[in-house]
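# Only the shape, not the letters, is given here:
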């Protein structure tokens, strides 16, 4: 569940992240795409398609209950490796010491906090460098706790899956969601971040498609009852259409426009 800090604490978190971001950015892997300037989900999708055009197989992984499972001792150790200011570290310790209410002792980060996103990148940045530098895999993408590994053959990707699982368990005290993950041909499409990525096209998955339709109807209703003005309607509609526009969704957008008060 999303659990955000009170407003006053969020102001502190944003100030802290302004300090942390350049420090963490210097250590970041190029193909980490979440919560980083100039990256984001759409850039991750485009990168996945570029890899799908070059490599025939893909392994998709994600970490089991990632935010609820982040180990505080591991996180503190990594923070002390990159930060030396005692006052900053003391403040970060206080933030870490306020996990979600349902977290296990010594574990967990609130999903809604900006600091949690940066802490997550610091922790899983260890995996990024292990895969890219130690395992020498050139085609790897991570968006928060979802990541893709591309390769020439199934056997090698199965070996990498075992190595990634071992590294997460032994070094970061985390577990993959699936003990055995399928290696699939990229020609079958890659379900990633709400899209289905193919070497030559990108499509919306069914959940993203339904969410788009629901949100369009929702902002239409809000406008019709006077809850939002025309400017807000146009702004929100533009954002929705821009998101699905990253996929080959022309027919869907035209069909919605034909029955909508919104001009997409």
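Now that the structure is in, tell me what you want to look at. Here the structure is a predicted model, which is why all the values come from computation and not from measurement. Residues are numbered from 1 along each chain as shown.

# Kindly check the end-to-end length of stretch 193-201 for me.
15 Å (CA to CA, to the nearest Å).

# Can you give the contact residues for it?
41, 44-45, 48-49, 52-53, 143, 146, 186-187, 189-190, 202-205, 207-208, 246-248 (CB atoms under 8 Å, 6 or more residues apart in numbering). Backbone N, C-alpha and C define where each C-beta goes, glycine included.

# same thing with stretch 244-257?
42, 45, 195, 201-204, 208-209, 212-213, 216, 241, 262-264.

# Pull out the buried positions in that stretch.
244, 246-247, 249, 252-253, 256 (16 or more other CB atoms under 10 Å).

# Identify each buried residue in stretch 87-99, please.
91-92, 95-96, 99.

# Nearest to residue 229 among these?
Set against residue 229, the nearest of these by CB to CB is residue 95 (38.1 Å).

# pretty sure the closest one is in contact with residue 115, am I right?
Yes - Residue 95 lies in contact with residue 115 (CB atoms under 8 Å); the separation is 5.5 Å.

# joint contacts of those two?
Joint contacts of residue 95 and residue 115 (CB under 8 Å, 6+ apart) are 13, 16.

# Could you list the domains of this structure?
Following automatic domain parsing, the chain resolves into domains at 7-189, 203-258.

# now the last one, how far from the centre of its chain.
Right, the one you point to is domain 203-258. 22 Å (CA atoms, centre = their mean, to the nearest Å).

# what's the answer for stretch 32-50, then?
9 Å.

# Can you get me the start-to-end distance on it?
End-to-end for stretch 32-50, by CA to CA: 15 Å.

# which residues are contacting it?
21, 25, 28, 31, 114, 117-118, 120-121, 124-125, 128, 141-144, 148, 190, 192-195, 197-199, 202, 246.

# Mind giving me the PyMOL command for buried ones among the residues you listed?
The buried residues among these can be selected in PyMOL (16+ other CB under 10 Å) with this line:
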select buried, resi 21+28+31+114+117+118+120+121+124+125+128+141+142+143+144+148+190+192+193+194+195+197+198+199+202+246
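
# that older thread, separate out the buried members of the contacts of stretch 244-257.
Buried among the contacts of stretch 244-257 by 16+ other CB under 10 Å: 42, 45, 195, 202-204, 208-209, 212-213, 216, 241, 262, 264.

# Just send those residues back as TSV, with secondary structure and distance to residue 87 too.
TSV is the format used below for those (DSSP: H, G, I helix; E, B strand; the rest coil; distance: CB to CB, whole Å):
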residue	secondary structure	distance to residue 87
42	helix	37
45	helix	40
195	strand	43
202	strand	46
203	strand	50
204	strand	47
208	helix	43
209	helix	49
212	helix	46
213	helix	50
216	helix	48
241	helix	46
262	coil	50
264	coil	50
